[in-house]
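In: Provided below for reference: sequence and predicted model.
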Amino acid sequence: MIEVQLNSNGDYWQLSWTDPTGKRIRRGIGHKSKVNRKTAKARRLELQASLNENREGRAAARSLWTRWSERYLANRNAELMPKTMVMHHQVVRLLTENAYRPNELVMALTPARANDVVASWRTLVGPATVAKWVRIAKTVFTHAHNEGEVPINPFAHISGAEPTPAQRERHVTIEDVTKVTQYLLEQKPKTAAGWEGFKTRAGVALMVQLGYWTGMRTGECQHTAGLLINGFQELDEDRYILYPRGEYETTKQKQRVIRIEPSLRLWWKQHGKYLQAMAKRPSNPYRVVKDAMEVVDVEPFTFADLRRTRDVIWHQTYPSHVCNVWLGHSERVAQKHYLSVSEEHYS
């Protein structure tokens, strides 16, 4: 039985108890001027009864993993995006194959066995994929724990953080961007078959300009370039409303307003009509940009480098909270991934 204690924490009432895992939990229930002792005692009894009732319900929950996992996937189907559901199906299949024997209960998976499962995953795929599978497994067993199928989450002690690569310090100059985009726009094909490739390269040139001047992510650049080329959007104002692809907003897909620099508006005014007539929605931008950089002898950069460069430039002029709204990330993410020291800081 869980015993809840009523404590005095200065001017506040506090309830405390030890959960079945041995963790000490404390919860404030209000200021003494608003909650008298009689009310505090009543809340203690209510919470104690609720905790023990839930514990009894959890003790009674004993489902087979195969049946419970099928129900879990069916229930989550309406909550998650299709691509996310594919990953949940994959992890549930891996757990069925690697973590459970036939006709085992959900609670059969212990933290020790979870360690062995993750170790076997590391022999199959890279560390970033393992981290993604661990995060999904944690989510699955959080639901199992909430339904009383497991006393603790067996994956709770395993880190789901992706390995941090060595931080790149590539700051892209406007000269580099100009060289690459000019090459992509000027290399016209000599045969009819080559025009499809030229149309793709022209679309990628627009992506590079968007990446440098707006700091959009790669997918956002690609999506926006397609809209501009097809005439659904224009870059004739000082701001651009970026809409997420599809019907859903995600961590990296949220509607936001982005500042459009005058230089980008001028570039679009000079090349927009031509791109709408000649270009097509870009595909395989990484290969196209890589080939162009090799030809014009520019130090390789990625779309993430373009985004980092724009973040640093904007932070030199505008308040941090404004830059983060335009770029669509938090201050913590900006500090961790994008803000860095450029050569201009030393001059």
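Out: Structure received. Residues are numbered from 1 along each chain as shown.
In: Show me the helices in the stretch 201-347 of the chain, by range?
Out: 218-229, 262-278, 285-296, 303-315, 320-327, 331-333 (DSSP state H, counting those that start in this stretch).
In: Check which helices and strands the fifth one sits against.
Out: Yep, that's helix 320-327 we're talking about. The contact analysis (3 or more CB pairs under 8 Å, 6 or more residues apart in numbering; DSSP states H and E) places helix 320-327 against strand 256-259, helix 303-315, helix 331-333. C-beta coordinates here come from the backbone N, C-alpha and C atoms, glycine included.
In: quick one: buried residues of that helix?
Out: Cys323, Asn324, Trp326, Leu327 (16 or more other CB atoms under 10 Å).
In: Contacts only, for Trp314.
Out: By CB atoms under 8 Å, 6 or more residues apart in numbering, the residues touching Trp314 are Gly215, Arg259, Val322, Cys323, Trp326, Leu327.
In: farthest-separated two in these?
Out: Gly215 and Val322 (12.6 Å; CB to CB).
In: rewinding a little: can you put the helices of the stretch 201-347 of the chain in CSV and add distance to Ala137 and mean pLDDT?
Out: Shown next, in CSV, are the helices of the stretch 201-347 of the chain (distance: least, CB to CB, whole Å; pLDDT from 0 to 100):
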stretch, distance to Ala137, mean pLDDT
helix 218-229, 26, 90
helix 262-278, 43, 93
helix 285-296, 31, 92
helix 303-315, 28, 91
helix 320-327, 31, 88
helix 331-333, 24, 65
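In: Quick one: closest of those helices to Gln90.
Out: helix 218-229 (21.5 Å).
In: buried ones in that closest one?
Out: Here helix 218-229 shows Thr218, Glu220, Cys221, Gln222, His223, Thr224, Ala225, Gly226, Leu228, Ile229 as buried, counting by 16+ other CB under 10 Å.
In: could you redo these as CSV and give each row distance to Arg310?
Out: Shown next, in CSV, are the buried residues of helix 218-229 (distance: CB to CB, whole Å):
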residue, distance to Arg310
Thr218, 13
Glu220, 12
Cys221, 12
Gln222, 17
His223, 17
Thr224, 14
Ala225, 16
Gly226, 21
Leu228, 18
Ile229, 22
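In: got the buried residues for the helix or strand Glu70 falls within?
Out: Secondary structure from DSSP states H and E places Glu70 in helix 65-76. In terms of neighbour count (16+ other CB under 10 Å), helix 65-76 has its buried residues at Trp65, Trp68, Ser69, Tyr72, Leu73, Arg76.
In: Show me the contact partners of that helix.
Out: Contacts for helix 65-76 (CB under 8 Å, 6+ apart): 85, 88-89, 92, 95-96, 100, 103-106, 108-109, 140, 143-144, 149.
In: Might you specify the subset of those residues located within helices?
Out: Met85, His88, His89, Val92, Leu95, Thr96, Val140, His143, Ala144 (DSSP state H).
In: Just give the nearest non-adjacent residue to the first one, would you?
Out: Once its chain neighbours are removed from consideration, Met85 has its nearest residue in Asn77; the separation is 6.0 Å (CB to CB, 6 or more residues apart in numbering).
In: Kindly report the same for the last one.
Out: Among residues not flanking Ala144 along the chain, Val150 sits closest, at 4.9 Å (CB to CB, 6+ apart).
In: quick one: the one you found and Phe141 touch, right?
Out: Yes - at 6.1 Å, Val150 counts as touching Phe141 under the criterion of CB atoms under 8 Å.
In: quick one: common contacting residues for those two?
Out: Leu109.
In: Looking at the helices of the stretch 201-347 of the chain, which is nearest to Gly28?
Out: helix 331-333 (26.7 Å).
In: quick revisit: got the helices of the stretch 201-347 of the chain as TSV, with distance to Gly211 columns?
Out: Formatted as TSV, these follow (distance: least, CB to CB, whole Å):
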stretch	distance to Gly211
helix 218-229	5
helix 262-278	11
helix 285-296	9
helix 303-315	4
helix 320-327	12
helix 331-333	17
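In: out of those helices, nearest to Pro127?
Out: Closest among the helices of the stretch 201-347 of the chain, using CB to CB: helix 303-315, at 18.9 Å.
In: send the alpha carbons of the closest one over as PDB?
Out: Extracted in PDB, the C-alpha atoms of helix 303-315 (Å, rounded to 0.1, in the frame of the first residue of the first chain):
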ATOM      1  CA  PHE A 303      22.200  23.500 -46.900                       C
ATOM      2  CA  ALA A 304      22.800  23.200 -43.100                       C
ATOM      3  CA  ASP A 305      25.900  25.500 -43.600                       C
ATOM      4  CA  LEU A 306      23.700  28.000 -45.400                       C
ATOM      5  CA  ARG A 307      21.200  27.900 -42.600                       C
ATOM      6  CA  ARG A 308      24.000  28.300 -40.000                       C
ATOM      7  CA  THR A 309      25.500  31.200 -41.900                       C
ATOM      8  CA  ARG A 310      22.200  33.100 -42.000                       C
ATOM      9  CA  ASP A 311      21.600  32.500 -38.300                       C
ATOM     10  CA  VAL A 312      25.000  34.100 -37.500                       C
ATOM     11  CA  ILE A 313      24.400  37.000 -39.800                       C
ATOM     12  CA  TRP A 314      20.900  37.800 -38.400                       C
ATOM     13  CA  HIS A 315      22.100  37.500 -34.800                       C
END
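In: Fine by me, we can end here.
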